[in-house]
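S.K.: I need the structure of the sequence given here:
(chains A and B)
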There are 2 protein chains.
Amino acid sequence: MLAKTSVDGSLRALRTLRLLVLVSLCVFISVSAASSPAQEEDSAMENIVTEKKAEESHRQDSADLLIFILLLTLTILTIWLFKHRRFRFLHETGLAMIYGLIVGVILRYAVQVPREPRVILPSCVNSSPATLLVNVSGKLYEYTLKGVNSGNEMTDNEMLRKVTFDPEVFFNILLPPIIFHAGYSLKRRHFFQNMGSILAYAFVGTVISCFIIGLLMYGCVTLMKHLGRLGGDFFFTDCLFFGAIVSATDPVTVLAIFHELQVDVDLYALLFGESVLNDAVSVVLSSSIVAYQPQGDNSHTFEAMALLKSLGMFLGVFSGSFSLGVATGIVTALISFLFTKLRDFQLLETALFFLMSWSTFLLAEACGFTGVVAVLFCGITQAHYTFNNLSPESQDRTKQLFELLNFLAENFIFSYMGLTLFTFQNHIFNTMFIVGAFLAVFVGRAANIYPLSLLLNLGRRNKIRSNFQHMMMFAGLRGAMTFALSIRDTATYARQMMFSTNLLVVFFTVWICGGGTTQMLSCQRIRHFSKNVQLRLIYCFSFNRVGVDSDQENSMSFADGSERRSTKQESAWLFRIWYNFDHNYLKPILTHSGPPLTTTLPPCCGPLARFLTSPQAYENECQLKDDDSDLILTDGDISLTYGDITVSTDATGAHTSSGLAVDDLDRELAYGDHELVMRGTRLSALCHSRHAF
Amino acid sequence: MLAKTSVDGSLRALRTLRLLVLVSLCVFISVSAASSPAQEEDSAMENIVTEKKAEESHRQDSADLLIFILLLTLTILTIWLFKHRRFRFLHETGLAMIYGLIVGVILRYAVQVPREPRVILPSCVNSSPATLLVNVSGKLYEYTLKGVNSGNEMTDNEMLRKVTFDPEVFFNILLPPIIFHAGYSLKRRHFFQNMGSILAYAFVGTVISCFIIGLLMYGCVTLMKHLGRLGGDFFFTDCLFFGAIVSATDPVTVLAIFHELQVDVDLYALLFGESVLNDAVSVVLSSSIVAYQPQGDNSHTFEAMALLKSLGMFLGVFSGSFSLGVATGIVTALISFLFTKLRDFQLLETALFFLMSWSTFLLAEACGFTGVVAVLFCGITQAHYTFNNLSPESQDRTKQLFELLNFLAENFIFSYMGLTLFTFQNHIFNTMFIVGAFLAVFVGRAANIYPLSLLLNLGRRNKIRSNFQHMMMFAGLRGAMTFALSIRDTATYARQMMFSTNLLVVFFTVWICGGGTTQMLSCQRIRHFSKNVQLRLIYCFSFNRVGVDSDQENSMSFADGSERRSTKQESAWLFRIWYNFDHNYLKPILTHSGPPLTTTLPPCCGPLARFLTSPQAYENECQLKDDDSDLILTDGDISLTYGDITVSTDATGAHTSSGLAVDDLDRELAYGDHELVMRGTRLSALCHSRHAF
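M.R.: Residues are numbered from 1 along each chain as shown, chains lettered A, B, ... in the order given. Below is the predicted model:
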């Protein structure tokens, strides 16, 4: 029997391998297919009519896109293999980059498509209109403006130009779902509990990091200029811009491992919260820096007025995007609150949710704010309010939809990153600048984490321990946001050098820091669940549904064992004020949970309160089912840990320990939030167990 | 208590109305917002740098897209109101068109944005390259070719030009998910049982319809030319082209009502199957007609060689797209079959499924075949094989994903249709042509349905009754496909006239025929389930899960009561050959269901059979769980009918009747398929009830 299984297994492994080879073959075939039509095109260029050319170009585009789709397919199959075999040293994004690199090398060196000769028109016009009509033998051809041509392209390989996407695609199509998903899946309980620290890291920390990096880079650039190693202009604003875009951390790899290993929830919340918010800060910061333009002739001197304008713009754009995102979230919550019967039509509900979230982005962009930032806060608001009004099916659907979009977009960006290292035509790799940048990034991160942690620890009851600080320092990966910001504009020498350097920073941090996360965790002695404990937890979950509903993280914290931590991590005043306001006024107005307004509003507002309170709220009065809505569990959690069951067979002590776990959990629940929601959680625990069946 | 409820209800209705007004206000605000930046742009055009202009244009695009998003939101809210109130006379697509029309009128008459003056370059070049570099005061601006400008634009309203999407968007982005969803949700049991008739209607019928319409239109056009009512060239190939694109039926409205009212399954299968396949036929047919180009100087004479070439192209493109779609479907099935452990990671599974299906489209387009056709057959293959290999979660996820994409794309297209009636700038409405077209469309549909039905009835055991024929005649709505095909090319006079006429045909058929479906059903005495019967069925489902799994349609057919219909609708030889081959060889190779190959292949192929058979197949041997995989149930079915329970309270006789229903169902199952899968269904029924708990 065993022999048969192993033969079976090896046969299956063989097939698997064969399939992987097959798919990669497909990629290469499509790479060469993508290149062949362009060659034909060249020979008989003159007499081909426009329609034919457009058709050809469409076929070309399809083939180019196909390369990426197959690349993603290959990534998925390989990453499945890794997950199946529990390799944790390489995340799917790192893998996507590797495959991108390989295809990039092939496109660069193996495929040579001669460039179609371009027609350069003399300056018959003195402006650059958006649309240009060219009269060619009686027919008017319509041309649209694509941008300023930088002119210094080094290669004649047409193929490389063809696999280059419009940089705005990243910012306007691929980034929004990623950022929205981050906001939508923010574990809100721990996020709000650590809000003060997260805001400090994200705002103060990012600004510190931006200026430290900017200053260091300015030193580096000045030195390079003296040594004659600089081939073009590089101003102080460029240095600051570099600091801003490289300050956006994206520890997706680290977080995935944290998630899988069930690492301490506060560390997770701090890291995730910081990374989500500093993306927003860094986007707005970088655009404010670009907007810094003194009035004089020499546009790179210091001017207080321009600085103030930049500062004003930063505050304006940030708060504008923030309020817009929150507003759309609240409107969606209101719609789903009022149209309660919408729950019978999950398709309509999901579609509405999707459209409203998308419209946030468009609205923000149309108003001149930053769509990505608006989408982030929209996601957080949706998760906090709208999610509670959705039917359970739509809750699943929306989560799964954005999870899928996030996955596809993220891996697409990372594989494009790999590809672009070889296919981008204006790379400027300057060793000195690169070394300087790596150093500056390191120092900038340190100047963000350590001093702030020191300050924060003065106010925190639950200190951020030094091993947590080291871990946060280590987890400063750079990713999609840094890339999207730096590919947006590669017109000048400075920007091109930044882009090339940023690519290297991303590669290094994703592969080295991302790959070393597990080692770093054990080196820093940050406890995480062994499989054994995970197994027990699952038993606990399956015996008592409380764990699943009320907060997976709550039940995890008991693994910290030695010290019983109060859930009030911060001095908590910020959290408490927010929580009370949210719980007493916002939740009842926007969702069907929370206490009825008639009990929370002063008596003078009686009629208004009665008007705004939903009938369900009265029914909820004794139930206070607020807690289950506090947390969006991703389905992945459960299934992932279920996956572990099948392997680790140490189930002997599990049954007895599960009783203990439930006890522990109960105590944790009772002690944890007692000042604020004690009655709530106890009751909601009862509600859940009723709810579960 | 009652009074309170009614007050509550009216309050809620008031709020709902207020919200609808709010959202529509938003649309109008965004319409005007979309128009305002363009005005500013005009004044200081000269000194604005390119980047600013690009940013402006991006904001503009966002605002334009926002109009559509809000339009869709409005449609969703209104259609929810309709569904909630059970208005069946207007489908969401019809509603989307109405809203589109309204916004179109506003854009056309209320918003006046002066046109940005265009720069026309003299003929400094004698070709039209894809990229043009223009030297403006030292900087090189890059322009890309958009197409030939037709030159006869009648209005100076810039706004209208801005809300015009690239026509290729419809064909390459919006249509594929719609068509894939159609293929993926094809109710396969009844589709395969009526395969002969469906193929006849779709292939022979569409070609007949195309030529009849083409000939009639040629007559009409000739008459117009004699009367001097024709303002440009209109050749016979143009007439045929018109015939081809207007032959693609899209009875989405009718099918939705059929679905809701549980109308006869064979009628549903015939109509749905025909509409899905004739889209494919009409796409390939129209492109073949365009490709018809005689060699001589006068390019509109008859030439046998060119006709043969066109015919060859039709066959080549169709079979190429078909095999490509099926091949990708099979590859996906194989991947999901081999990587069984992929089921533990639903996200990867869903992503893989999505990417493989998308790559079908791209691959087909890159090879010069028709992506839409490939995607259709890919969808059917995926549903037949891959679907069985997916984990239940992924089955749900993929269904829901494509349902959502289909919903959004469809409503977007229909609202754009409404909009474009007023915003398209080259409309040519010619009364005579329009009257001729309506007549031709009617005659063409009649020439498709009635003669073919007569012929098919000779061979069918279960005749297509005359009321069914009338219903099929009536249900020949035109929709997304006709629109996407006619907007693709609006360069010539003939094409512009076709486009305008097609829009009217779509409006008329969707509103009049779609709206009159319920009247037509009762007028033709086509039975459908009353709510009462639906209720009983649901009871039957909830008592005995067989109904849900083994085929919802099966259980419906007993409502036809009087005549016990054999499930072998056709003379069945086609179906039987296909079924045996599929069941004995394809299913076991591609999925984990079906009998092991070792029992179905001849003994000489022993080793091969053992290699190809999955271990699960042996376990399945006694279970034959093929049937449940034969049908994809959309979740909507169940919830929709569950929705009815809450309203119709006639539950008195339900319990007793449910026993009857189950009996009836059992007998139906036993009699129905007995020659082919009798043992299978009986056993699978047992399996299901075990499976369900």
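
S.K.: tell me the domain ranges of chain A?
M.R.: Here the domain assignment for chain A is A:12-34+A:57-112+A:159-163, A:167-294+A:304-524, A:573-618, based on the TED database.

S.K.: Hmm, A:Val276 is touching A:His181, no?
M.R.: No. Assessed by CB atoms under 8 Å, A:Val276 is found out of contact with A:His181, at 10.1 Å. C-beta coordinates here come from the backbone N, C-alpha and C atoms, glycine included.

S.K.: Buried residues, stretch A:195-210. List them.
M.R.: Neighbour counts over stretch A:195-210 (16 or more other CB atoms under 10 Å in any protein chain shown) mark A:195-198, A:200-210 as buried.

S.K.: How about stretch A:82-95?
M.R.: Under 16+ other CB under 10 Å, the buried positions of stretch A:82-95 are A:83, A:88, A:90-95.

S.K.: quick one: average pLDDT of it?
M.R.: The average pLDDT within stretch A:82-95 is 81.

S.K.: Same check on stretch A:403-410?
M.R.: 93.

S.K.: Give me the residues contacting that stretch.
M.R.: Stretch A:403-410 has contacts (CB atoms under 8 Å, 6 or more residues apart in numbering or on different chains) with A:72, A:93, A:173-175, A:177-178, A:181-182, A:185, A:252, A:480, A:634-636, B:347, B:350-351, B:354-355, B:397, B:401.

S.K.: now swap in stretch A:509-521 and tell me
M.R.: Taking CB under 8 Å, 6+ apart as the rule, stretch A:509-521 contacts A:88-91, A:93-94, A:97, A:251, A:253-254, A:257-258, A:261, A:263, A:414, A:470-471, A:474-479, A:528.

S.K.: Tell me the buried residues within those residues.
M.R.: A:88, A:90-91, A:93-94, A:97, A:251, A:253-254, A:257-258, A:261, A:263, A:414, A:470-471, A:474-479, A:528.

S.K.: Do you have the strands of chain A handy? List them.
M.R.: A:119-121, A:131-136, A:139-149 (DSSP state E).

S.K.: in stretch A:337-349, what counts as buried?
M.R.: Buried, per 16+ other CB under 10 Å, within stretch A:337-349: A:337-339, A:342-349.

S.K.: restrict those residues to those near chain B?
M.R.: Residues of the buried residues of stretch A:337-349 in contact with chain B (CB under 8 Å from any CB of the partner chain): A:338-339, A:342, A:344-348.

S.K.: So which of the residues you listed are in helices?
M.R.: Among those, the ones falling in helices (DSSP state H) are A:338, A:346-348.

S.K.: Pull the most distant pair out of those.
M.R.: A:Leu338 and A:Leu347 (18.8 Å; CB to CB).

S.K.: how about the helices in the stretch 451-600 of chain A?
M.R.: Counting by DSSP state H, counting those that start in this stretch, the stretch 451-600 of chain A has helices at residues A:466-474, A:480-487, A:493-508, A:514-515, A:517-523, A:531-543, A:546-550, A:552-556, A:573-581, A:587-590, A:597-600.

S.K.: Before I go, just wanted to say thanks for your time.
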